[in-house]
Structure formats: C-alpha cells, structure tokens
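# this is the structure alone, sequence omitted:
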C-alpha cells in the first residue's frame, strides 16, 4: 500500500491554531516570522503547505523559504571542502557552515523591512546531483511593485533553529557514546559549531517556532530509505534513487547535527518567549504521539 493512501496529516490541526493565535498577538509592522524544524521525512513539506494556506486564508500573504535555498554555490562549497580536506562534515552540503549566511541575512533583512528582493533558488539536480545555486534569472521576486507585500514568512529546514553549544558541551557529547559523533575529530565538530553561531541572526527573528521531533532520531534512516523505494516505484526504474548503503552514508552526513543540537531545540530556542514554541513528537509511523508548548 502506498504512503499516499495511508498518510494522515495529524500535524496541521495542531499547528494551525497555534500559529493563528500568535499571529493575532503579533505586533509591529514587520512580517510575522515562523521557524519550522522538521526531522527529514517526518512530514514537514505537507505541514508547511498547510500553514501557508491557512495564513493566506486569513488574508496574510505568506512567503515560504527553505534553508536549502541559501546553500553556498557549488564553487564556494568545493573551496570550503578543499580548505578543510580532512573534515568530512564540509565535503557536502547540509551541516552548518555550508550556507551563504551573508546572502541569507541580506535577504531576510530586506523582507523584514518590506523591500523588494528575490528569493534565491538552489538546484539540487545540477552538476550531476552535486547541486548549485540557480541563476538569478530563476529567483522568485517578492515585494515587487504590483505584488502584495509579504506579511508572514515560514523558514523551514532540518537544521532551522539549531543553536551553537559551548565548546565544552561539544566535547562532552563527542566523548559520550553516539551513532556518528565519534566518527569525526573533535576539532571538526567544533568547526561546524563555531559556524552555527552565525545562524543566530536568522533564529533570533522568529516570532513562533514549530519542531517536528521523533521518538527515535534514527527513524530518519528508514524514512529516507522509504523515499528512495517510492522513487524507484514511481519511476518504474529499479536503479533509480540511492541504494541502502548510499542512504546510510547520506544520512550519516547530517546525523552529527541531530546528535549535537536536537536536545537544545527540545528545551526551547526562543529565550524569554514562553509558549511560542510547539514541539510535536512523532513515532515510526510519523503520527504525533506527544505535543509540548515551550
């Protein structure tokens, strides 16, 4: 039986009232800014679309962005890898440090100020799957003359809301038995941790935050494998998508971020703003098992 015939969206009925409540209380002229952290494969895409539709139904023109839109371009990512050739964490896109933060800060500052700007687009299929930023001619215009002004923004992604740890805490986690952290040198984990500090400029903008968590973070391996299975089925090509071993290696590239920073997201990332973070914990079936307001 396909996922589409069994999938039940039980997240939207929980999240829409939460977001509309905080939208109503939002003060000031700048757009209402929502951060959404979703463990890969847990239903983030469906939820983002539903939230945007709910806001639009309230007459609030909404812009949806992914942190993936702001990856370094291919040449800069290759250069980063060459500068740190023994650091496996920056040999591929994904971990903190592989995004173009000046580009992201400039874009979101323009949106917050209601200025005309363009949403960068990243083409993951470019360069035989290595990916690259799309030409500016393909970027999405927003706040342009004749367009409704953006009044709400949703920024989604697997690492959205991650905050850097104290170096001592990184070392403690590195020394604690884990799935992937011991595969890396401490200095390499400290490198991405230091890079993560720059992301606070985005995280500090959030007026509300949603976290799709999992009872067991390792569910992400099975969910990704299922996505590849469905890709092969949908294309009718047994060779399409990643093999099980390729899936493991792919997810391993992201998993150190989960192991370092998920606990911090669970505790809450919006200091002094009680009640503005919603955490939903899903089971292996992706259904919500627990809901917490933080």
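Sure thing, it's come through. Computed from a prediction, not measured in an experiment: that's the story for all the values here. Numbers count the residues shown, from 1 in each chain.

# is it true that residue 289 lies in a strand?
Yes - the assignment for residue 289 is a strand, going by DSSP: H, G, I helix; E, B strand; the rest coil.

# neighbours around it, how many?
Look at residue 289: counted by other C-beta atoms under 10 Å, it has 13 neighbours. Where you see a C-beta, it was placed from the backbone N, CA and C, and this is true even at glycine.

# please begin residue numbering at 15 from this point
Okay, residue one is now 15; in that scheme the one you just asked about reads as residue 303.

# pLDDT at it, what is it?
In the prediction, the pLDDT value recorded for residue 303 is 98.

# surely it meets residue 230?
No - at 11.2 Å, residue 303 does not count as touching residue 230 under the criterion of C-beta atoms under 8 Å.

# tell me where the chain has helices.
17-20, 26-39, 58-71, 88-97, 115-126, 181-189, 200-210, 214-217, 233-249, 258-281 (DSSP state H).

# mind giving me JSON lines with those helices and columns for distance to residue 149?
Formatted as JSON lines, these follow (distance: least, C-beta to C-beta, whole Å):
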{"stretch": "helix 17-20", "distance to residue 149": "33"}
{"stretch": "helix 26-39", "distance to residue 149": "34"}
{"stretch": "helix 58-71", "distance to residue 149": "25"}
{"stretch": "helix 88-97", "distance to residue 149": "13"}
{"stretch": "helix 115-126", "distance to residue 149": "14"}
{"stretch": "helix 181-189", "distance to residue 149": "38"}
{"stretch": "helix 200-210", "distance to residue 149": "26"}
{"stretch": "helix 214-217", "distance to residue 149": "24"}
{"stretch": "helix 233-249", "distance to residue 149": "27"}
{"stretch": "helix 258-281", "distance to residue 149": "27"}
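
# for residue 174, which of the ones you listed is the nearest?
helix 214-217 (7.7 Å; C-beta to C-beta).

# dump the helices of the chain to JSON lines, plus mean pLDDT, distance to residue 137 and mean neighbour count.
Below are the helices of the chain laid out as JSON lines (pLDDT from 0 to 100; distance: least, C-beta to C-beta, whole Å; neighbours: other C-beta atoms under 10 Å):
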{"stretch": "helix 17-20", "mean pLDDT": "45", "distance to residue 137": "26", "mean neighbour count": "8"}
{"stretch": "helix 26-39", "mean pLDDT": "97", "distance to residue 137": "29", "mean neighbour count": "16"}
{"stretch": "helix 58-71", "mean pLDDT": "95", "distance to residue 137": "18", "mean neighbour count": "18"}
{"stretch": "helix 88-97", "mean pLDDT": "98", "distance to residue 137": "10", "mean neighbour count": "14"}
{"stretch": "helix 115-126", "mean pLDDT": "98", "distance to residue 137": "15", "mean neighbour count": "17"}
{"stretch": "helix 181-189", "mean pLDDT": "98", "distance to residue 137": "33", "mean neighbour count": "14"}
{"stretch": "helix 200-210", "mean pLDDT": "98", "distance to residue 137": "23", "mean neighbour count": "19"}
{"stretch": "helix 214-217", "mean pLDDT": "98", "distance to residue 137": "22", "mean neighbour count": "16"}
{"stretch": "helix 233-249", "mean pLDDT": "91", "distance to residue 137": "18", "mean neighbour count": "16"}
{"stretch": "helix 258-281", "mean pLDDT": "96", "distance to residue 137": "18", "mean neighbour count": "18"}
